[in-house]
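model the structure of this input:
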Amino acid sequence: MSGRAGDSPPTLDRELHHPTRLALAAYLSACGEAEFAVLRDYCQISDSTLSKTLSALEKTGYVSVRKGYLGKRPRTWAALTLTGRRALGRHLAALEEIAATARRTAGGCAEDPAGHGS
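Okay, here's the model as predicted:
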């Protein structure tokens, strides 16, 4: 998005736009796989909310979920898929483009008499 006539705005990913989904994808992008409780604690959300969030991202193909046991205790692990990594990269690039365009465009703003222009 360069601000020129005819340019289309950057495309944000609807599935990653929600802050919890974005935080989860970003966290998973930095590791191969993470256990459910670690993700829940990192995002500071309930088990139910994390479960719904993982399910939504799994439906899009952005996250894979694996269930198993650690000893006799059931566990759930999640990982960002290649599709998810690519989607996250495009989403972050779009956010960066929006911010860069705002910085370039704001340079031409007139100073507000109340001091809000800078």
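
gap between the residue positioned nearest the centre of the chain and residue 16?
Nearest to the mean C-alpha position of the chain, counting by Cα atoms, centre = their mean, stands residue 22 at 2.0 Å. For residue 22, the distance to residue 16 (Cβ to Cβ, to the nearest Å) stands at 5 Å. Any C-beta I mention is one placed from the backbone N, CA and C, and that applies to glycine too.

now do residue 63
According to Cβ to Cβ, residue 63 and residue 16 sit 11 Å apart.

now do the shared contacts for these two.
Common contacts of residue 63 and residue 16 (Cβ atoms under 8 Å, 6 or more residues apart in numbering): residue 25.

follow-up on the earlier one: what is in contact with residue 22 and residue 16 at once?
By Cβ under 8 Å, 6+ apart, residue 22 and residue 16 have these common neighbours: residue 91.

show me the shaky parts of this protein.
1-7, 108-118 (pLDDT under 70).

which of the residues in the longest helix along the chain are buried?
For the chain, the helix with the greatest residue count under DSSP state H is helix 82-106. Going by neighbour count (16 or more other Cβ atoms under 10 Å), the buried part of helix 82-106 is 84, 87-88, 91-92, 94-95, 101.

now the strands for this protein?
In the chain, the strands defined using DSSP state E lie at 34-35, 63-70, 73-80.

which secondary structure elements does the first one sit against?
If you count contacts as 3 or more Cβ pairs under 8 Å, 6 or more residues apart in numbering; DSSP states H and E, strand 34-35 packs onto strand 73-80.

starting at the chain centroid, how far to the longest helix of the chain?
Relative to the mean C-alpha coordinate of its chain, helix 82-106 is positioned 11 Å out (Cα atoms, centre = their mean, to the nearest Å).

so what touches that helix?
By Cβ under 8 Å, 6+ apart, helix 82-106 touches 1-3, 9-13, 15-17, 22, 25-26, 28-29, 57, 60-63, 80.
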